[in-house]
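Undergrad: I need the structure of the sequence given here:
(2 chains)
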Number of protein chains: 2
Amino acid sequence: MPVLALITETGVELADPDTPHVKVTDLGLMRGDGIFETVLVVDRKPRELGPHLARLARSARMMDLPEPDRATWEQATATVVDNWTGSPEMALKLVYTRGPEGDPDERTTGFALGLDIAAPVIRARTEGVSVITLDRGIDPGLAQRAPWLLLGAKSLSYGINMAALREAARRGASDVVFTATDGSVLEGPTSNVVVAKGRTLYTTPPHIGILPGTTQAAVFRAAEKAGWTTKVEPLTVADLREADGLFLSSSVRKLTKVHTLDGEALPDSTALHAELTAAYEAEY
Amino acid sequence: MPVLALITETGVELADPDTPHVKVTDLGLMRGDGIFETVLVVDRKPRELGPHLARLARSARMMDLPEPDRATWEQATATVVDNWTGSPEMALKLVYTRGPEGDPDERTTGFALGLDIAAPVIRARTEGVSVITLDRGIDPGLAQRAPWLLLGAKSLSYGINMAALREAARRGASDVVFTATDGSVLEGPTSNVVVAKGRTLYTTPPHIGILPGTTQAAVFRAAEKAGWTTKVEPLTVADLREADGLFLSSSVRKLTKVHTLDGEALPDSTALHAELTAAYEAEY
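TA: Model (predicted):
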């Protein structure tokens, strides 16, 4: 059963997730005008909550939303965690919108929602995924040139991300790596790209218009402790093909290996994946 | 007072818009995964309802949503119109989402919501607006090359459109014309661009990744009857500057003249605006 904690004017309040709590006029719904985070909670311990809340605040700044009150969001998180009776692993969504249109007090909408992690996501952690590259249609300089395009904000306007995943399904794959117009690698619709080559881990830099990854950062931190070198730099699709290991990282998928890219099988990275996953898990 | 008609499994039902009717798990909220239309209703008569419902169906196809049932949406429209007690003019929002995540019956969410038209929109119809051009970061071939980017679908993922309007406000303007990476003109965040030069009206073609305009089409239809030539073809920012009249068209703004573009005053188009508005109004 999902667990829901609403942020109200007076505090945080447990609520029934099967009952409607959002007005039709909410700008989060009507305009995708809001932001979110997805936090992995394992055995009642939220992972990377600090970085997630920092990124929520960053997204809020990018979208001119009032700064989220950290203590309140921590309390909402604790409320969901304390009331969770499901599996040991939970996906915790933090959702924050501009609130109902025309509200005289300009009240925002905020809630924390604990959900079971979908079975295919869990399965993919061991089995890996087949991925296609899809053109995202932007150049790597755009995010800095045009901040109104909200590239790198984790906004509720995720229609494109969902459409890309449907396109992957149509092509018999289960995930996507977006590419820029110059052929460079961006990110997945709901993940970051992590590449292993020799004893170095690579990921793409946020300034090209992607979301800085909380799980990617945790994996890099863990890998550094285990003696890996880490680099944040532009990658090409050729870099992905020539890697010893290609992975997608996100809170709920942790580090998931990519076994097939654009229909071509990649080298077996099972051992690498096991090593990096063990390093990541040792962080908690 | 807003008027709300919910589309339920058994039909259409009048509901209180101040009561929450949307679940937190609704994918329209969580992922901007849904579509909408805004219909102008004047004296209880919806304008261009047929084209709006056709465009809703087109957006649904682009986003792999089940085809909206036309009779149901007409009934929802009628329910709102019949219960409207506000001003003679109403903005009617039709909203259709993929529904709550994980719903075993994959039920969609649908509602029609009648709202007053915001005072600044009404005022701008006579006073005109100051507009800035903003880079949309895409090239004109992208929409056809990458349908997963949903360019030209009227999706709920309107975060960018709202951010662009905030950027305009920051620069002392009240609206935006998006440009493509080759400098060509796309559309406004919630409008189409209409240019008058001599006795010809111009607008930009949908295949470059913009929404085909219902009001733009109505204005063109009306203008043709009044002896104007109309052309749908690519435009540059220079074309906008050199026009006899530059207008933004949308359901609620009708045809609104642009008096200032990127800080430069444009030639006075008051007479042209009056002529075209009269032709448009004569359609109803």
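Undergrad: Walk me through the domains of chain A.
TA: Following automatic domain parsing, one finds the domains of chain A at A:3-117, A:122-281.
Undergrad: Stretch A:227-238 vs chain B: in contact?
TA: No: using CB under 8 Å from any CB of the partner chain, stretch A:227-238 never reaches chain B; the gap is at least 15.5 Å. Backbone N, C-alpha and C define where each C-beta goes, glycine included.
Undergrad: Next, the distance between the ends of that stretch.
TA: 26 Å (CA to CA, to the nearest Å).
Undergrad: would you list every one of the helices in the stretch 101-250 of chain A?
TA: A:119-127, A:142-145, A:159-170, A:214-225, A:237-241 (DSSP state H, counting those that start in this stretch).
Undergrad: among those, which is nearest residue A:273?
TA: Checking these against residue A:273 by CB to CB gives helix A:119-127 as the closest, at 9.0 Å.
Undergrad: So is the closest one next to chain B?
TA: No: Helix A:119-127 does not reach chain B (CB under 8 Å from any CB); its nearest approach is 11.4 Å.
Undergrad: what do you get for stretch A:69-77?
TA: No: Stretch A:69-77 stays clear of chain B (CB under 8 Å from any CB), getting no nearer than 12.2 Å.
Undergrad: State the distance from the residue lying closest to residue A:145 once chain neighbours are set aside to residue B:171.
TA: Using CB to CB, 6 or more residues apart in numbering or on different chains and skipping residues adjacent in sequence, the residue nearest residue A:145 is residue B:135, 6.4 Å away. The gap separating residue B:135 from residue B:171 is 14 Å, by CB to CB, to the nearest Å.
Undergrad: the more surrounded of those two?
TA: residue B:135 (17 against 14; other CB atoms under 10 Å in any protein chain shown).
Undergrad: How about the residues of the stretch 151-284 of chain A by chain B?
TA: Checking the stretch 151-284 of chain A against chain B by CB under 8 Å from any CB, the hits are A:153, A:155-164, A:166-167, A:181.
Undergrad: Can you say which two of the residues you listed are spatially most distant?
TA: Once CB to CB is applied, those give A:156 and A:181 as the farthest pair, at 25.5 Å.
Undergrad: any weak-confidence spans in the stretch 51-200 of chain A?
TA: Scanning the stretch 51-200 of chain A for pLDDT under 70 picks out no residues.
Undergrad: Residue A:235: what's it in contact with?
TA: A:184-185, A:193, A:195, A:202-204 (CB atoms under 8 Å, 6 or more residues apart in numbering or on different chains).
Undergrad: Please tabulate these in TSV, including the columns neighbour count.
TA: Converted to TSV, the contacts of residue A:235 look like this (neighbours: other CB atoms under 10 Å in any protein chain shown):
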residue	neighbour count
A:184	16
A:185	26
A:193	26
A:195	21
A:202	21
A:203	25
A:204	26
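Undergrad: what's the closest of those residues to chain B?
TA: Distances from chain B to the contacts of residue A:235, taken as CB to the nearest CB, are shortest for residue A:184 (14.9 Å).
Undergrad: Which strand residues bridge that closest one?
TA: residue A:236 (DSSP bridges).
Undergrad: correct me, but it touches residue A:238?
TA: No: judged on CB atoms under 8 Å, residue A:184 makes no contact with residue A:238 at a distance of 10.4 Å.
Undergrad: Next, find the distance separating residue A:80 from chain B.
TA: 12 Å (CB to the nearest CB, to the nearest Å).
Undergrad: same question, residue A:9
TA: Separation of residue A:9 from chain B (CB to the nearest CB): 15 Å.
Undergrad: do the same with residue A:240
TA: 19 Å.
Undergrad: For that residue, grab the count of nearby residues.
TA: 21.
Undergrad: Need the distance between the two termini of stretch A:224-243.
TA: Stretch A:224-243 end-to-end distance (CA to CA) = 18 Å.
Undergrad: Could I get the contacting residues of whichever residue of the stretch 1-150 of chain A sits closest to chain B?
TA: Residue of the stretch 1-150 of chain A nearest chain B, by CB to the nearest CB: residue A:32 (3.3 Å). Contact analysis of residue A:32 by CB under 8 Å, 6+ apart lists A:155-159, B:32, B:155-159.
Undergrad: The residues you listed, buried ones only, as a ChimeraX selection?
TA: Here is the ChimeraX command that selects the buried residues among the contacts of residue A:32 (16 or more other CB atoms under 10 Å in any protein chain shown):
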select /A:155,156,157,158,159 /B:32,155,156,157,158,159
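Undergrad: In terms of distance to residue A:62, which of the contacts of residue A:32 ranks first?
TA: residue A:155 (8.2 Å).
Undergrad: Correct me if wrong: that closest one contacts residue A:59.
TA: Yes: shown here, residue A:155 and residue A:59 form a contact pair, counting by CB under 8 Å, at 6.7 Å.
Undergrad: who touches both of the two?
TA: residue A:35.
Undergrad: Quick check, pLDDT for residue A:1.
TA: pLDDT recorded at residue A:1 is 88.
Undergrad: ok, it touching residue A:87?
TA: No: look at residue A:1 against residue A:87 with CB under 8 Å: they stay out of range, at 11.1 Å.
Undergrad: If you count surrounding residues, which of those two has more?
TA: Of the pair residue A:1 and residue A:87, residue A:1 is the one with more neighbours under other CB under 10 Å, namely 13 against 10.
Undergrad: Tell me who's in contact with that one.
TA: Contacts of residue A:1 by CB under 8 Å, 6+ apart are A:17, A:85-86.
Undergrad: Make TSV out of those and add neighbour count and secondary structure.
TA: Shown next, in TSV, are the contacts of residue A:1 (neighbours: other CB atoms under 10 Å in any protein chain shown; DSSP: H, G, I helix; E, B strand; the rest coil):
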residue	neighbour count	secondary structure
A:17	21	coil
A:85	7	coil
A:86	13	coil
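Undergrad: Next, count neighbours for the closest residue to residue A:248 other than its chain neighbours.
TA: Among residues not flanking residue A:248 along the chain, residue A:191 sits closest, at 3.9 Å (CB to CB, 6+ apart). For residue A:191, the neighbour count with other CB under 10 Å is 25.
Undergrad: contacting residues around residue A:191?
TA: By CB under 8 Å, 6+ apart, the neighbours of residue A:191 are A:175, A:213, A:248-250, A:253, A:256.
Undergrad: repeat that with 6 Å
TA: A:248-250 (CB atoms under 6 Å, 6 or more residues apart in numbering or on different chains).
Undergrad: Next: residue A:187.
TA: residue A:210.
Undergrad: All the strands of chain A, residue numbers only.
TA: A:3-8, A:11-15, A:34-42, A:45-46, A:89-97, A:109-115, A:129-135, A:175-179, A:192-197, A:200-203, A:229-232, A:245-250, A:254-261, A:264-265 (DSSP state E).
Undergrad: Averaged pLDDT, the fourth one. What do you get?
TA: By that I understand strand A:45-46. Strand A:45-46 comes out at a mean pLDDT of 98.
Undergrad: and that strand, what does it pack onto?
TA: Packed against strand A:45-46 by the contact rule (3 or more CB pairs under 6 Å, 6 or more residues apart in numbering or on different chains; DSSP states H and E) you find no helix or strand.
Undergrad: Who does it pair with, and is each partner parallel or antiparallel?
TA: Strand A:45-46 is paired, per DSSP bridges, with strand A:34-42 (antiparallel).
Undergrad: Around chain B, which positions in the stretch 1-150 of chain A sit nearby?
TA: A:20-24, A:28-29, A:31-33, A:64, A:111, A:113, A:134-135, A:137-138, A:142, A:146, A:148-150 (CB under 6 Å from any CB of the partner chain).
Undergrad: gap between residue A:258 and chain B?
TA: According to CB to the nearest CB, residue A:258 stands 19 Å off from chain B.
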